[in-house]
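prediction below, plus the sequence it came from.
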Amino acid sequence: MPFCLEPKAFAVPTAGLAFPHPAHLLAALFDQPSTSMFAPQAAPARSIFGLSLLVIGVCAGIFLVVGGMLLYVIVRYRHRRGHTVREPAQVYGSNQIELSWTVIPILIVVMLFLASARIIFVNQSVPKPATALDVTVIGHQYWWEYRYPKLGIVTANELHVPVSDPKHPTPTYLTMSSADTDHSFWVPRLAGKMDLIPNKVNTMWIDPEQAGLYLGQCAQYCGVQHAKMLIRVYADSPADFDAWAAQQQKTALQDPAAAQGRAAFEGNACANCHTVSGTSAHGVFGPDLSHVGSRATIGSGAVPNTPENLRAFIDDPAHYKPGALMPAMHLNQHDLDAITHYLTTLR
Amino acid sequence: MATSTRVTGHLDNPTASGSHRGALAVLQDWLTTVDHKKIGLMYIGYALVFLLIAGFQALLMRVQLLVPNNNFVSPEVFNRLFTMHGTTMVFFVGMPILFGFGNYLVPLMIGARDMAFPRLNAFSFWISAFGGFLLYFSYFAGSGLYGAGTAPDVGWFAYAPLTSRVFSPGHSTDYWTLSIFLSGIGSIGTALNIVATTLCMRCPGMKLNRMPLLVWLYLVVACLVFVTISPLTAAQIMLCLDRYLGAHFFDTQAGGSAVLWMHFFWIFGHPEVYILVMPAFAFANEIIPVFSRKAIFGYPAMVAASVCIGFISLSVWAHHMFTVGMGPGPNAFFTFATMVIAVPTGIKIFNWLATLWGGNIHFTTPMIFSIGFLFQFLIAGLTGVMLAVSPFDWQLGNSYFVVAHFHYVLVGGILFMIFAAFYYWYPKMTGRMLSERLGKWHFWLFVIGFHLTFDFMHVPGLLGMPRRIYTYEADRGWAIWNLIVSSGAVFQAAATLLFAYNLVHSYFKGEIAGPDPWDAWTLEWSTSSPPPSYNFAVTPTVDSRRPLWDRKHPEETDAQYE
């Protein structure tokens, strides 16, 4: 299946409002290239998808039977005009009938429970293969920190993982916690969500089957900008992933043409919160910017990473993300231009 | 049929109060009353005011979500809106309106002259009312610090550590805490009153197994209130200690536990759903038989199912926590416990179905709202089963699917039965009928609006839209669904205004109801409408579950069959 690597992101707000054909709406549930849980592309999401079809089927069956009986009764026993005023026969109950509609639901419940229990254990208590990649995910108020302890990589907001071939699985294990409030990591096409809770370590795993971009966002209310704490997971082919990792492991580029910008970056408050490897900037409150130029978006997916957006974001993050914890920097135009240029060179 | 009520009718003189006196005296009468009927009406009136306020907040949110990247309200305002909407609807609409009906109906249905503790009853109402006032006073006094928020913005379940002083400076969270604390005191007082009243004040002949099902359900609800409000109150006190006395229960920065708050909150929060929904079952148990013209099917099974739901509901709370990393064992346990509750709930639906079966169904306004309730509650229950399947919940949890599910319960289930209860008991409370014509308009407008909003709200959840976001990306395929959802809100708002108009208009111009307009069977219909302050001139005596049926059909009384 051809995969849309870069969905038509950041379209104008009115896009998609023209009423589409009903068949397209239904199709959207299953092949929307972004965030539909019914278009799974990894084992955890696929196992949930299979279970959900069973559960939806059983529930739809119950609805048809009980709802159908209800409809029948309402039509069949409606009061008709000119109907005799005598009261209908009074029936007080029947133990046999009560018993049957107690036992049948119990059987259905036990069946659904066993099916669920299987999927719970398939997802949450399988041994971790030796080939697995480890990533530490730390939730921050309105952005994601990703650390690859064995690769020595620290990055933010755009998670890169290798595609996992079912024959030689290379799943990615996410070890998660939070630096501040509760967050939740949810990429519907890869897996169910898992919360990031301060003082608690959770784990989950994903094994994307196809290369591509998988979208998601924070699913636990975490403060003012909960809405723009977006997730981008890039599943790369093994070669692409290795190339990406090699690039990220390098010390940040020191382009002589951007030396002025670097000096401004180190000389201003930027360095208090951000890290750029190989410089005096070692801050840890904000995202690591050593390779910020290689990312597609800024502000945790809020806007595309273009020089114009970057400049506006540095000037005042509230322009795109009101409530973001980074203050408006109030730099002069010269420094603003220089720092913007410097950051675009950090590829 | 009405002859048996004549005795009390002569003694009652409804004009003796009210109209001749000055407004001040009337006001003083209401402010100082300990009459369960007046307190019940005050609960209901107070809840209706908050219903309009919280409904308006929902409208504002739906305008903001009409199109992607909208700027109708700021993120800060949006977060306050959903926090206030949820808190208000649960604590200051749902609880008081259901306690209001309970206060009004329980003594009348068991042939008592008042609640067991009338002064406690008045205290409970006023302390709850003060809680609601305090919550909204936060808009004026909540900021405390320059730049800090005004109204609470931590969500209605206020997960730690968002409520700690680091993340929630100012006083808005304190207003939230105190208002819920006060409303909890009121709830405990009312629950105490209901238990004492039902256990000690029943009229001669009304054994527990002859008690109307409505009263049984209120008894179960009251017991649940004891068990669940206590941990909520404890948690609010602990939160206050964290915020002001340097305790570290939930303060994760000092080693506290965010998960502890979740357990405290949901051991309250899930039974709370049953506290709200069981009065709706109670109304259905009274209204469906009367308009089917049949006795309720399987009275003992209905009682057993209610008690069963009460107990099971205490063991399901952590299904709100399937994604917090409890591990496979607890996930499996709470999946099972949650699914099991579908069994007694199913018994109720089947018994209502069997009550309708073979009946002579009159489609009055209370009845059509009840039938809407049956269909919608069925769907709400089934989406509940889907959410109980914990792996499915890892996807659905905290998405718009959940929002759609619980609004199906709260609006499609509970609010529909509250409307049914209004149309059914308004004649008893005021002496006048609500307009049936306006009632049918209200019903159909509301049904259309409800289904436009909440049927389609499931879809963006399946497409990955989380709840509590003030805006969303344009490329996710969510826009069209949100547009439909928002459009339904307009119909619901129109229907609600029509209902409010009907309430006021019928009070002055409605048809005179008489003591028993529905040809019903329980004791409240044996006294005048509205009932005198002492309810019954002569304490009634009953021989069966349907005393008025026995009086109307002396040749074939229930007592022979029960």
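Received, thanks. Residues are numbered from 1 along each chain as shown, chains lettered A, B, ... in the order given.

element containing the closest residue to chain A within the stretch 301-450 of chain B?
Closest to chain A within the stretch 301-450 of chain B is residue B:394: 2.3 Å, counting by Cβ to the nearest Cβ. Yep, even glycine has a C-beta here, placed from its N, CA and C like the rest. Secondary structure assignment for residue B:394, by DSSP states H and E: helix B:390-396.

just checking, what packs against that helix?
Applying 3 or more Cβ pairs under 8 Å, 6 or more residues apart in numbering or on different chains; DSSP states H and E, we find helix B:390-396 packed against helix A:43-76, helix A:95-124, helix B:328-340, helix B:365-388.

rerun at 10 Å
Using 3 or more Cβ pairs under 10 Å, 6 or more residues apart in numbering or on different chains; DSSP states H and E, the elements in contact with helix B:390-396 are helix A:43-76, helix A:95-124, helix B:328-340, helix B:365-388, helix B:400-407, helix B:458-462.

wait, is residue B:168 part of a strand?
No - per DSSP: H, G, I helix; E, B strand; the rest coil, residue B:168 lies outside any strand segment and is coil.

now it: how far from residue B:96?
Noted for residue B:168: a distance of 27 Å to residue B:96, by Cβ to Cβ, to the nearest Å.

got it, and residue A:232?
46 Å.

next, residue B:521: secondary structure please.
Assignment for residue B:521 (three-state DSSP): coil.

what sits against the closest residue to it other than its chain neighbours?
Once flanking residues are discounted, residue B:521 sits nearest to residue B:546: 3.8 Å by Cβ to Cβ, 6 or more residues apart in numbering or on different chains. Neighbouring residues of residue B:546 by Cβ atoms under 10 Å, 6 or more residues apart in numbering or on different chains: A:90, B:210, B:212, B:289-290, B:295-296, B:520-523, B:552-553, B:557-559, B:562.

just checking, which of those belong to strands?
Per DSSP state E, strands hold no members of those.

filter these to the buried ones?
By neighbour count, with 16 or more other Cβ atoms under 10 Å in any protein chain shown, those hold A:90, B:210, B:212, B:289-290, B:295-296, B:520-523, B:552, B:557-558, B:562 as buried.

could I get the full set of helices for the stretch 151-300 of chain B?
Counting by DSSP state H, counting those that start in this stretch, one finds helices in the stretch 151-300 of chain B at the ranges B:172-200, B:213-245, B:258-292, B:299-312.

avg pLDDT for the longest one?
When pLDDT is averaged along helix B:258-292, the result is 97.

now do the buried residues in it.
B:258-259, B:261-292.

what about residue A:310, distance to residue A:346?
Residue A:310 is 11 Å from residue A:346, by Cβ to Cβ.

shared neighbours, those two?
The contact sets of residue A:310 and residue A:346 overlap at A:292-293 (Cβ under 10 Å, 6+ apart).

tell me the buried residues in stretch B:349-365?
B:349-362, B:364-365.

what about those, which are in helices?
Using DSSP state H, B:349-356, B:365 are the members of these that sit in helices.

now those residues as TSV including pLDDT and distance to residue B:426?
Formatted as TSV, those follow (pLDDT from 0 to 100; distance: Cβ to Cβ, whole Å):
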residue	pLDDT	distance to residue B:426
B:349	96	26
B:350	96	30
B:351	96	26
B:352	97	22
B:353	97	27
B:354	96	28
B:355	96	23
B:356	96	23
B:365	97	10
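
please list which of the residues you listed also come close to chain A.
Among those, the ones lying near chain A by Cβ under 10 Å from any Cβ of the partner chain are B:349-356.

show me what contacts residue B:470?
Here residue B:470 is in contact with A:224-228, A:322-323, B:61, B:64-65, B:70-79, B:81-82 (Cβ under 10 Å, 6+ apart).

got it, and residue B:289?
A:90, B:213, B:295-297, B:299, B:352, B:355-356, B:359, B:520-522, B:546, B:549.

which of these sits closest to residue A:303?
residue B:352 (53.6 Å; Cβ to Cβ).

from residue A:331, how far off is the closest residue to that closest one other than its chain neighbours?
Distance criterion Cβ to Cβ, 6+ apart; nearest residue to residue B:352, sequence neighbours excluded, is residue B:288 at 5.5 Å. To residue A:331, residue B:288 is 70 Å away according to Cβ to Cβ.

about what we covered before: just the contacts of residue B:470: which are in helices?
Going by DSSP H, the helices hold B:61, B:64, B:75-79, B:81-82 from the contacts of residue B:470.

top of these by neighbour count?
residue B:79 (27 neighbours; other Cβ atoms under 10 Å in any protein chain shown).

quick revisit: and the buried ones among the contacts of residue B:546, which two are furthest apart?
A:90 and B:523 (18.9 Å).

now do the same contact list for residue A:95.
B:298, B:300-301.

and residue 270, what is it in contact with?
Chain wasn't specified; assuming chain A. Contacts of residue A:270 (Cβ under 10 Å, 6+ apart): A:264, A:276, A:281, A:283, A:286, A:289, A:314, A:326, A:329, A:331, A:335, A:339, A:342-343.

was after chain B, sorry
By Cβ under 10 Å, 6+ apart, the neighbours of residue B:270 are B:228, B:313-320, B:338, B:341.

ranking those by neighbours, who comes first?
Ranked by the number of neighbours (other Cβ under 10 Å), the contacts of residue B:270 place residue B:338 first, at 28 neighbours.

which one is it nearest to, not counting chain neighbours?
Counting by Cβ to Cβ, 6+ apart, the residue nearest residue B:338 is residue B:388, at 3.9 Å.

excluding covalently adjacent residues, which one is nearest to the spatially most central residue of chain B?
Nearest residue to the geometric centre of chain B (Cα atoms, centre = their mean): residue B:94, 3.4 Å. Of all residues not flanking residue B:94 in the chain, residue B:276 sits nearest, at 4.7 Å (Cβ to Cβ, 6+ apart).

just name the closest of the ones in helices among the buried residues of stretch B:349-365 to residue A:125, please.
Nearest member of those to residue A:125, counting by Cβ to Cβ, is residue B:349, at 36.2 Å.

now the closest one. Nearest residue, chain neighbours left out?
residue B:378 (6.2 Å).

ok, now how distant is the closest residue to residue B:227 other than its chain neighbours from residue B:230?
Sequence neighbours aside, residue B:314 is the residue nearest to residue B:227 in space, at 6.4 Å (criterion: Cβ to Cβ, 6+ apart). According to Cβ to Cβ, residue B:314 stands 12 Å off from residue B:230.
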